[in-house]
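> model the structure of this input:
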Amino acid sequence: MDVRLILCVLATATSTFFASEVWRKRREGAHRLNIAKKKLKLICEAIAQADERYQRCSERHDRILNQVTSHFFCSRELEEALAGARATMTEALEFSAGLQDTQARVISSFLELL
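Now for the predicted structure:
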């Protein structure tokens, strides 16, 4: 009788240990998933902001270009302003593209977790 009781207790303890390991791994997986979701959300917000900034720069550049063509006036300062606007637009576009690459990497690592 004592041997059965000891075996029963041992079996219960072993199964509880294995079950707790499974639950722990599931919690860790869910935690990683939540972290990946938060990172993806932050990256999406950053991409949206970068796209908005690019649109504003593009609109500003278009306004400057329209002013130049409407007045048929070209000076050195205006050329420099146009070059600066174009450089800012290019920088904003590159930043947005970099964020989109980061987003793709996060999505791929997110899919690896599943």
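
> how about the residue most central in space within the chain: what's its closest non-neighbour residue?
Central residue of the chain (CA atoms, centre = their mean): Ile43, 2.6 Å from the mean position. Distances taken as CB to CB, 6 or more residues apart in numbering place Gln103 nearest to Ile43, at 4.6 Å, with adjacent residues excluded. No exception for glycine: its C-beta is placed from N, CA and C like everyone else's.

> what residues does the one you found make contact with?
Leu40, Ile43, Cys44, Ile47 (CB atoms under 8 Å, 6 or more residues apart in numbering).

> what is the mean pLDDT for the host helix or strand of the third one?
The one in question is Cys44. Element membership for Cys44 (DSSP states H and E) is helix 2-71. Mean pLDDT, computed over helix 2-71, is 76.

> helices or strands up against it?
helix 76-113 (3 or more CB pairs under 8 Å, 6 or more residues apart in numbering; DSSP states H and E).

> how much space between Leu93 and Ile47?
Using CB to CB, to the nearest Å, Leu93 is found at 12 Å from Ile47.

> any shared contact partners between those two?
By CB under 8 Å, 6+ apart, Leu93 and Ile47 have no common neighbours.

> tell me what angle the helix holding Cys44 forms with helix 76-113.
160 degrees (axes from the mean of the first three to the mean of the last three CA atoms, to 10 degrees).

> hmm, back to that, distance of the residue nearest to the centre of the chain from Ser109?
12 Å.

> just Arg26 next, same as before
19 Å.

> tell me which of those two has more neighbours.
Taking other CB atoms under 10 Å, Arg26 and Ser109 do not tie; Ser109 has more neighbours (13 against 10).
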